[in-house]
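Participant: Quick check, what structure comes out for this input:
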Amino acid sequence: MATVVLVGTLDTKGQEYAYLRDRLRQHGVDVILVDAGVLGSPLTMPDIDRVDVARAADSSLEGLIAAGDRGAAVETMAHGAAEVVRRLHAEGRLQGILGLGGSGGTTLVTQAMRQLPVGVPKLMVSTVASGDTRPYVGNVDIIMMYSVVDIAGLNRISRRILGNAAAAMAGMATATIPEAADRPLVGATMFGVTTPCVTTARERLESLGYEVLVFHATGAGGRSMEALLKGGFISAALDITTTELADELVGGVLSAGPNRLEAAGAMGIPQVVSLGALDMVNFGPIDTVPTRFKERLLYKHNSSITLMRTTPEECAELGRIIARKLNVARGPITLFIPLKGVSLIDAVGQPFHDPAADQALFEALRGDLNSTVEVRELDTDLNDPAFALAMADTLHASYQAWVHGGKEVYA
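Facilitator: Purely as a prediction, here's the structure:
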């Protein structure tokens, strides 16, 4: 029987969680109810109580109550709930996770959900689901359902919403999903200005027997690929479009965070990397570009996106950053350098064509990369089909050598 884990604060939402539990059981699934509350007594008895949740965070419930700091207590219980959930999944006792709450409860429960791999059903009924859900969803497949009314007792609206949530979770937890063909998964990164390159490379890899997951390098895309790499879902990386590093360095709106371009190396899997769209930093509409950048070379990509050309100084620093990340990779790695442009608008005759900036990027890489990184320099721009095919073929050869060396464990 599939088991759904309910995580919540039973001192304030006990009645609602009892209703969810009963509805789930009516749909034929088992339930483990986890109490992460710290205020009054639980209104519904849990299967895993708050004492155990606090202990999982290396704390004690008595100490949290005595300290009298509600914010710190909630944060500790969130860590404890995340650890409890992680253990239940590792033990095979979690086929889905469901929670409900306001902003505080949503923060607590989704922190636990984010510990679980992509593909494990995760559903959060929340009063804040109609707003910006990025802080709660993060890089995993959390489903946010708007509660419509506040989660404060049961009524004809909340019963229907919670009933729908229970039915949806029961269906997901018990569903049998046909497995796809057993093909190695490759993670690839793409931007509008690198699409021709990625499309050609993807098609070549698919013809060679790979399944290619393409991530749009908009910050969220890069974070999602890094998360799947860490989770062991992806067998090899074709990281053509590393533009998110430029936004992180300069302050654009599409940063994937400081840890971008690190997961594949840490996992020790084959990767082929290039410099796609490092000629640009991304902002919103042109009137949102920070004042300090108003005199820079700007390009209106569309009414919603303004691109700013990176300078030689910025490009040199990007080269040093990339070198530091690639130098510590544990697996086989090849860096491809397109000598005639890193994007569609950096090619000869295009608005961001800047040989001095590109050379600053290339020279920094040449100077800082160590001998563990193979470097291939091609006298083309990044979107030339020959460049794309060379990257795809190199990744294929690297992956095959890695497999035959006995290191293939994730595909």
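Participant: in the stretch 251-400 of the chain, what spans have low per-residue confidence?
Facilitator: Counting by pLDDT under 70, the stretch 251-400 of the chain shows no low-confidence range.
Participant: What ranges does it have for its strands?
Facilitator: Ranges of strands in the stretch 251-400 of the chain, per DSSP state E, counting those that start in this stretch, are 271-273, 280-283, 298-300, 306-309, 333-338, 374-378.
Participant: Buried deepest among the ones you listed, which one?
Facilitator: Among the strands of the stretch 251-400 of the chain, strand 271-273 has the highest mean neighbour count (mean count of other CB atoms under 10 Å), at a mean of 28. Where you see a C-beta, it was placed from the backbone N, CA and C, and this is true even at glycine.
Participant: Give me the sheet partners of it and which way each runs.
Facilitator: strand 236-239 (parallel), strand 333-338 (parallel) (DSSP bridges).
Participant: Which one of these lies nearest to Gly268?
Facilitator: strand 333-338 (10.1 Å; CB to CB).
Participant: Need the residues that contact that closest one.
Facilitator: The set of residues external to strand 333-338 that reach it, using CB atoms under 8 Å, 6 or more residues apart in numbering, is 265, 270-275, 322, 326, 362, 365, 369, 372-378, 380-382, 384, 387, 390-391, 394-395, 398.
Participant: Return a PyMOL selection command for the buried portion of these.
Facilitator: Of those, the buried ones can be selected in PyMOL as follows, counting by 16 or more other CB atoms under 10 Å:
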select buried, resi 265+270+271+272+273+274+275+322+326+362+365+369+373+378+380+381+382+384+387+390+391+394+395+398
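Participant: Helices - which of the contacts of strand 333-338 land there?
Facilitator: Judged by DSSP state H, these include Gly265, Ile322, Leu326, Phe362, Leu365, Phe387, Ala390, Met391, Thr394, Leu395, Ser398 as members of helices.
Participant: Could you dump those residues into JSON lines with distance to Leu254 added?
Facilitator: What follows is the ones in helices among the contacts of strand 333-338, written out as JSON lines (distance: CB to CB, whole Å):
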{"residue": "Gly265", "distance to Leu254": "22"}
{"residue": "Ile322", "distance to Leu254": "17"}
{"residue": "Leu326", "distance to Leu254": "21"}
{"residue": "Phe362", "distance to Leu254": "23"}
{"residue": "Leu365", "distance to Leu254": "22"}
{"residue": "Phe387", "distance to Leu254": "23"}
{"residue": "Ala390", "distance to Leu254": "27"}
{"residue": "Met391", "distance to Leu254": "22"}
{"residue": "Thr394", "distance to Leu254": "27"}
{"residue": "Leu395", "distance to Leu254": "25"}
{"residue": "Ser398", "distance to Leu254": "28"}
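Participant: distance between the ends of stretch 320-338?
Facilitator: Its start and end residues considered, stretch 320-338 measures 17 Å (CA to CA, to the nearest Å).
Participant: sorry, that was for stretch 261-278
Facilitator: 13 Å.
Participant: which residues in the stretch 101-250 of the chain form helices?
Facilitator: For the stretch 101-250 of the chain, the helices defined by DSSP state H, counting those that start in this stretch occupy 103-113, 134-137, 156-174, 195-207, 220-230, 244-250.
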